[in-house]
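1. Predicted model and sequence below, questions to follow.
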Amino acid sequence: MAIENGHVCCPDCKTWINVGKVGLQNYYKRHKNSAQCAVNRKKKKIEDTVQKTKQNALKFFRPKPPAIPPTVKTPAPVYPYASSSINPPSTFAPSLGGKFLKGQSPTQAPVGCPIGIDLLRKLRLRVEALPPDVGTADENHPLAAFSGNPEGCVGKDEDAWEMFDGPLNTLLQKPQEELRSLVRVGEKGLIGLCRLLEYLVMRQNVSGALLEGKVGHLIQAIDEV
């Protein structure tokens, strides 16, 4: 290890250690295999995970190209004659996640895997019930990168699960202690992750069975906060 201005970089925790005039002997005596080195290693691991999560998320939430207005106007739909008491057929599509998870009308049944819909309903209810004192996520929070609109992040010929399985593992397959640090309110907190998961189940037909383990651990972390 090279000494620079009286400091050496610990190869284990990647922290610069002040060794003074004594040199490497000070490093081996006071820092090597110490409790502080273990704390630094844990902190560095969390920081690396956060950075990896942000990088993975940014791959999928790319800025969308500006919409090009159509040159041909779509003609208004023509409905058969009916009495004024009967409404024309509706082309309503439920907005992503929000409506049916809060209790949609029986005529607007959610589309997607029933297991996934039930799982995400439980998650959203918990997220929306979180008190403000758990903390508000800012732009540096690991979930901030997932706060964008997920619509369009999966291309026509792309497999949604192949794209997001890895990033979701990085984000959610952690010890409960680390998962609890994700529990934050605000647009850059858990609600953004809810929207993404609802998009995957409702728009990309991802099976709820694939999400059970990941989301189950997150729900447990929320319940423990």
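-> Okay, I see it.
2. CA atoms for contacts and neighbours, from now on please.
-> Will do.
3. Tell me how many other residues surround residue 150.
-> 20 (other CA atoms under 10 Å).
4. In this model residue 201 seems to touch it, though I could be wrong.
-> No. Under the criterion of CA atoms under 8 Å, residue 150 is not in contact with residue 201, lying 11.9 Å apart.
5. Would you mind measuring from the nearest residue to residue 130 once chain neighbours are set aside to residue 208?
-> Leaving out its chain neighbours, the residue that sits closest to residue 130 by CA to CA, 6 or more residues apart in numbering is residue 185, at 7.0 Å. Applying CA to CA, to the nearest Å, the value for residue 185 to residue 208 is 24 Å.
6. Check residue 42 too.
-> For residue 42, the distance to residue 208 - CA to CA - is 32 Å.
7. what's the answer for residue 164, then?
-> Applying CA to CA to residue 164 and residue 208 gives a distance of 14 Å.
8. and the helix or strand containing residue 200, what's its mean pLDDT?
-> Using DSSP states H and E, residue 200 falls within helix 190-202. Across helix 190-202, the average pLDDT comes to 92.
9. Report the distance from that helix to the chain centre.
-> 8 Å (CA atoms, centre = their mean, to the nearest Å).
10. That one: what's the following helix or strand?
-> helix 208-224.
11. quick one, that following helix and helix 190-202 angle?
-> Helix 208-224 and helix 190-202 are oriented at 160 degrees to each other (axes from the mean of the first three to the mean of the last three CA atoms, to 10 degrees).
12. how about the helices in the protein?
-> Using DSSP state H, the helices found in the chain span residues 24-30, 35-60, 98-101, 114-128, 160-172, 176-180, 190-202, 208-224.
13. Listing request: residues of the protein with sub-threshold pLDDT.
-> Along the chain, the parts satisfying pLDDT under 70 run over 46-110.
14. residues contacting the residue nearest the centre of the chain?
-> Per CA atoms, centre = their mean, the C-alpha nearest to the average position across the chain is that of residue 193, at 3.8 Å. Residues near residue 193 by CA atoms under 8 Å, 6 or more residues apart in numbering: 143, 146-147.
15. For residue 216, state which of the residues you listed is nearest.
-> residue 143 (17.2 Å; CA to CA).
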